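Trainee: Below: sequence and its predicted model.
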Amino acid sequence: MKKRTLQQKKRILRDLNVARDQVGLPTMKGTTRHCLKCSRPFFSMGSWNRLCESCSSVIQKRDDVVETYRVGHP
Ligand SMILES: [Zn+2]
């Protein structure tokens, strides 16, 4: 997973807000938060975004490690 730059995040946020505006949802504002895991400040796209880029990518990597079993294949 590539790291997103601040510029890219702001563009994503703007695109999201265009879509949100169309369905009548309030505009989201990006803000600087401190990561819940490592306490470093990072650019958060919303209240759901509480982990910095590096911490959230660690979680995603862990998910990738979980392998699925094939059932019923000889
Ligand atoms: Zn972090």
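Mentor: All right, it came through fine. Every value quoted in this text rests on a predicted model; they were computed, and no experiment measured them.

Trainee: okay, Pro74: pLDDT?
Mentor: On the pLDDT scale, Pro74 is placed at 66.

Trainee: what do you get for Lys10?
Mentor: pLDDT for Lys10: 89.

Trainee: for Gly46, same thing?
Mentor: pLDDT for Gly46: 81.

Trainee: In space, what's closest to it - neighbours in sequence excluded?
Mentor: Leaving aside its sequence neighbours, Gly46 sits nearest to Met28 (C-beta to C-beta, 6 or more residues apart in numbering; 4.9 Å). For glycine as for every other residue, the C-beta is placed from the backbone atoms N, C-alpha and C.

Trainee: Pull the number of nearby residues for that neighbour.
Mentor: Neighbour count for Met28, taken as other C-beta atoms under 10 Å: 16.

Trainee: Then Arg50?
Mentor: Other residues within reach of Arg50, judged by other C-beta under 10 Å, total 15.

Trainee: Enumerate the residues of the chain near the ion.
Mentor: By the rule C-beta under 5 Å from the ion, the part of the chain lying against the ion is Cys35, Lys37, Cys38, Cys52, Cys55.

Trainee: can I get those residues in a markdown table with pLDDT and secondary structure?
Mentor: As requested, those are arranged in a markdown table below (pLDDT from 0 to 100; DSSP: H, G, I helix; E, B strand; the rest coil):
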| residue | pLDDT | secondary structure |
| --- | --- | --- |
| Cys35 | 94 | coil |
| Lys37 | 94 | coil |
| Cys38 | 95 | coil |
| Cys52 | 92 | coil |
| Cys55 | 91 | helix |
